[in-house]
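Got a predicted model here, sequence first, then my questions.
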Amino acid sequence: SGGATRLVRKAAIFEHVKGFQGKRKNCFTVAVRAYERSMQHNYIGRKEKKRDMRKMWISRISNSSRDQGLPYSQFMDGLVKADIRLNRKVLSELAIHEPVSFTALIEAAKKFLGWGQKQQQASS
């Protein structure tokens, strides 16, 4: 009973483990375990990819904002106060491909943080 269904299921598993080594590719019980484990790794990898991308964006933004003389945390605070809502991915792309636009954002953040006023008071 269920012969055709079983064969289809086995074929699907073997299709997924095609490139694996040893019994993992041709022994069904071992292949099922290897397939399930690989699916767990895929799931975890998709989550890690999101984390890694966010880290990379923050690093790029931080480096670019520090080059302009404004630490990352203060830059982000200035953007919030200026009501500029750009996500980190877009900010990262601007920092790399549109340095003039990124500099304008830095200046806007400095303005709302009162950086120009602090420098004028210090020089007076």
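Nice, I can see it.

Give the other helices and strands that the helix or strand containing residue 80 contacts.
When elements are assigned from DSSP states H and E, residue 80 belongs to helix 72-81. The helices and strands touching helix 72-81, judged by 3 or more CB pairs under 8 Å, 6 or more residues apart in numbering; DSSP states H and E, are helix 28-67, helix 99-113. For every residue, glycine as well, the C-beta is placed using N, CA and C.

From the chain's centroid, how far away is the first one?
Centroid separation between helix 28-67 and its chain, computed with CA atoms, centre = their mean, to the nearest Å, is 9 Å.

just checking, what packs against that helix?
helix 3-16, helix 72-81, helix 88-97, helix 99-113.

try 6 Å this time
Using 3 or more CB pairs under 6 Å, 6 or more residues apart in numbering; DSSP states H and E as the contact criterion, the secondary-structure elements in contact with helix 28-67 are helix 3-16, helix 72-81, helix 88-97.

Tabulate the ones you listed in CSV, adding columns for mean neighbour count.
As requested, the helices and strands packed on helix 28-67 are exported to CSV (neighbours: other CB atoms under 10 Å):
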stretch, mean neighbour count
helix 3-16, 11
helix 72-81, 16
helix 88-97, 17
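
Could you count how many residues lie near residue 31?
Using other CB atoms under 10 Å as the criterion, residue 31 is surrounded by 20 other residues.

I should have written residue 44 there, sorry.
Residues lying near residue 44 (other CB under 10 Å) number 10.

For this protein, which element, helix or strand, carries the lowest mean pLDDT?
Confidence across the helices and strands of the chain bottoms out at helix 115-123, with a mean of 61, counting by mean pLDDT, DSSP states H and E.

returning to what we had before: kindly present the helices and strands packed on helix 28-67 as JSON lines, with separate columns for mean pLDDT and distance to residue 54.
What follows is the helices and strands packed on helix 28-67, written out as JSON lines (pLDDT from 0 to 100; distance: least, CB to CB, whole Å):
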{"stretch": "helix 3-16", "mean pLDDT": "93", "distance to residue 54": "30"}
{"stretch": "helix 72-81", "mean pLDDT": "95", "distance to residue 54": "13"}
{"stretch": "helix 88-97", "mean pLDDT": "97", "distance to residue 54": "6"}
